[in-house]
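Student: predicted model and sequence follow; I will ask about them next.
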Amino acid sequence: MLNIVIFGAPGSGKGTQSAKLVEEYHLKHLSTGDILREEIKAGTELGKLADSYMSKGHLVPDGLVIDILDSLIGKHANAKGFIFDGFPRTLAQGEALSKMLEKHGEDIDVVLSLEVDEEELIDRLLKRGQISGRKDDNRETIESRLKVYHTQTEPLKDFYRRRGILKNIEGIGSIDEIFNSIEKEIDRIEK
């Protein structure tokens, strides 16, 4: 099994690159943001709870997200591997993800960190908001999300760097150029 964490600030291209990884390597894409947005759209209790955090730019509690992922991994036990997109976002989540995967006899093989400068991120997210109509892609919420990313999520880089599985990927360029850099890192792992 090939298990990948795709990592980066909001707007760094995680969803775009995840879609290419799914197509190329036939992995199961687990986007916590998409999963939670589906719950919100369906009006479930989980969705209402998640929305109370997400609409303010806050993170959904760890236990809730881990339980969702654990259930999904159990349902897809025959998958060739998983791409974790948008999770983990904190050191505690990184540790919880490792423990949860261990229960399934798995671990993270590589963490792909998409590196994009802040102004580019803001521009991308504002454009995405105009195109998609996503309510959370407005300047105030974007700045809040980036602040949360820098204070809570960036420390994960050291956690994965110490484990020797963090790979920094230049996140500016064409989608294919970025994906070629990702493929080179994955090919090194698979050999």
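Tutor: Yep, that arrived.
Student: just the strands in the chain please.
Tutor: With DSSP state E as the definition, the chain shows strands at residue ranges 2-8, 28-31, 81-85, 110-115, 166-170.
Student: sheet partners, orientation included, of the second one?
Tutor: This means strand 28-31. Neighbouring strands of strand 28-31 in its sheet, by DSSP bridges, are strand 81-85 (parallel).
Student: poorly predicted segments of this structure, please.
Tutor: Under the criterion pLDDT under 70, no range of the chain is flagged.
Student: so where do the helices sit in it?
Tutor: Taking DSSP state H to define them, one finds helices in the chain at 14-25, 32-42, 45-54, 62-75, 91-103, 118-132, 139-148, 155-162, 175-190.
Student: who touches residue 14 in this structure?
Tutor: 6, 7, 8, 85, 86, 114 (CB atoms under 8 Å, 6 or more residues apart in numbering). All C-beta spots, glycine's among them, are computed from the backbone N, C-alpha and C.
Student: if we use 10 Å, what do you get?
Tutor: Applying CB atoms under 10 Å, 6 or more residues apart in numbering to residue 14 gives the contacts 5-8, 31, 33, 83-86, 112, 114, 171.
Student: of those - the most surrounded one?
Tutor: Each of these was scored for neighbours by other CB atoms under 10 Å, and residue 7 scores highest at 28 neighbours.
Student: now that residue. Nearest residue, chain neighbours left out?
Tutor: Nearest in space to residue 7, with sequence neighbours left out and distances taken as CB to CB, 6 or more residues apart in numbering, is residue 113 at 4.5 Å.
Student: is the one you found in a bridge, and if so with what?
Tutor: With DSSP bridges as the criterion, residue 113 is bridged to residue 7, residue 168.
Student: tell me how many other residues surround it.
Tutor: Based on other CB under 10 Å, the number of other residues close to residue 113 is 20.
Student: quick check: the gap between it and residue 95.
Tutor: 18 Å (CB to CB, to the nearest Å).
Student: so who does the residue lying closest to residue 139 once chain neighbours are set aside touch?
Tutor: Closest residue to residue 139 in three dimensions, ignoring its sequence neighbours and counting by CB to CB, 6+ apart: residue 126, at 6.7 Å. Contact criterion CB under 10 Å, 6+ apart gives 11, 137, 138, 139, 142 as the residues in contact with residue 126.
Student: closest to residue 178 out of the residues you listed?
Tutor: residue 11 (13.4 Å; CB to CB).
Student: list the contacts of the closest one.
Tutor: Listed by CB under 10 Å, 6+ apart, the contact partners of residue 11 are 114, 116, 118, 120-128, 137, 142, 145-146, 149, 171.
Student: since that was my last question, I'll sign off now.
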